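**Q** Prediction below, plus the sequence it came from.
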Amino acid sequence: MAERRHAATCADGGAAGFGLEATRKFVENGACVVVADIQDAARRAIKAELPGEVRFIRCGMRCEAGMQAPVDLAVAEFGGLDVMHHNAGTLGSAKGMDEISAEARNAAMEMLQTAIMLAIKVAAPALKARTGAVVLTSSAVGCAYAIAKASVCQIGRHAALTPEGQGTRVNVIVSGAFKTAVGKAPAGAGHAAGRQFARMQPLPLTGPPRCIADAALFLASGMSDFVSGVVRPVKGGLTLHRNSRSSAEG
């Protein structure tokens, strides 16, 4: 993104975790960023850290109007939109398919699946005008969470192929075990889960969120002008665990 000094980026869920690191990385490389988030304390903290080239909006991601608001703000404040980086999410219920309620499943799907489609839909017109890029965040881990996150990969591929994606690059980052607020839920389980995944990986550690930000910068910038419809793993080799000596149980 360094060659686009006036790039405008919309970062959904951009005030904490992966989104915060991506916001920092985009600003560092010359972008103006609209941060959409519902965490008021986190938004105030990033506003103090990155004044000037960052705008903030509190909005929900589960409805089209909420998703449209940060796009409109980017166009109004910065003259257009170059990148939609959708990163907002929730862990949802940890119950299996034999126990999870339909209400809990639907709530997770609204946030983890429907919001992804809405992000692409509302950003498409503005991105077409600037030959922009969409960067989505999926995950290698999870019942409803794992299913919804797996669908993000297919949504990204589909969007890269369909007419609304013509001229707009759409790519997906698949994360593994990282030190984020979502990764630490439910309370007290995060560190244990991180250690389990570490034992399953060729790189035996939980990743710093900056690694996702680096991948997002690459996929959002001119460095990846000929990259679209790609699912990019950033997960320490986690998917190789079946061939390793370790397992989730130890």
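**A** Alright, I've got the coordinates.
**Q** Can you pull up the most central residue in this structure?
**A** By C-alpha atoms, centre = their mean, the chain has its centre lying nearest to residue 87, at 2.4 Å.
**Q** Now residue 76: which helix or strand?
**A** Using DSSP states H and E, residue 76 sits within helix 64-78.
**Q** Quick check: the nearest residue to residue 229 once chain neighbours are set aside vs residue 210, distance?
**A** The shortest distance from residue 229 to any non-neighbouring residue, by C-beta to C-beta, 6 or more residues apart in numbering, is to residue 160 (3.6 Å). Placement of C-beta: from N, CA and C, glycine included. Using C-beta to C-beta, to the nearest Å, one obtains 26 Å as the distance from residue 160 to residue 210.
**Q** Between these two, tell me which one has more neighbours.
**A** Using other C-beta atoms under 10 Å, the more surrounded residue of residue 160 and residue 210 is residue 160, with 20 against 15.
**Q** related to what we said a few turns ago, gap between the residue nearest to the centre of the chain and residue 23?
**A** 10 Å.
**Q** Give the intersection of the neighbour lists for these two.
**A** Residues within reach of residue 87 and of residue 23 at once, by C-beta atoms under 8 Å, 6 or more residues apart in numbering, are 11, 14.
**Q** Could you look up the SS state of residue 11?
**A** Under the three-state scheme (DSSP: H, G, I helix; E, B strand; the rest coil), residue 11 adopts strand.
**Q** Can you give me every residue that contacts it?
**A** 19, 22, 23, 26, 33, 34, 35, 36, 85, 87.
**Q** Just the pLDDT for it.
**A** Looking at residue 11, its pLDDT stands at 78.
**Q** Residue 242 now?
**A** 46.
**Q** Ranking helices and strands of this protein by mean pLDDT, which lands last?
**A** For the chain, using mean pLDDT, DSSP states H and E, the weakest element among its helices and strands is helix 190-200, scoring a mean of 59.
**Q** On the C-terminal side of it, identify the next helix or strand.
**A** Next element after helix 190-200 (DSSP H and E): helix 210-220.
**Q** circling back: give the buried residues for the helix holding residue 76.
**A** In terms of neighbour count (16 or more other C-beta atoms under 10 Å), helix 64-78 has its buried residues at 66, 67, 68, 69, 70, 71, 73, 74, 75, 78.
**Q** how about JSON lines for those residues, with pLDDT and distance to residue 9 added?
**A** Formatted as JSON lines, the buried residues of helix 64-78 follow (pLDDT from 0 to 100; distance: C-beta to C-beta, whole Å):
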{"residue": "66", "pLDDT": "90", "distance to residue 9": "18"}
{"residue": "67", "pLDDT": "92", "distance to residue 9": "15"}
{"residue": "68", "pLDDT": "95", "distance to residue 9": "16"}
{"residue": "69", "pLDDT": "94", "distance to residue 9": "15"}
{"residue": "70", "pLDDT": "93", "distance to residue 9": "10"}
{"residue": "71", "pLDDT": "95", "distance to residue 9": "11"}
{"residue": "73", "pLDDT": "94", "distance to residue 9": "12"}
{"residue": "74", "pLDDT": "94", "distance to residue 9": "8"}
{"residue": "75", "pLDDT": "94", "distance to residue 9": "12"}
{"residue": "78", "pLDDT": "92", "distance to residue 9": "9"}
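**Q** In a markdown table, list those along with distance to residue 50.
**A** Formatted as a markdown table, the buried residues of helix 64-78 follow (distance: C-beta to C-beta, whole Å):
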| residue | distance to residue 50 |
| --- | --- |
| 66 | 23 |
| 67 | 23 |
| 68 | 24 |
| 69 | 20 |
| 70 | 16 |
| 71 | 20 |
| 73 | 16 |
| 74 | 16 |
| 75 | 20 |
| 78 | 15 |
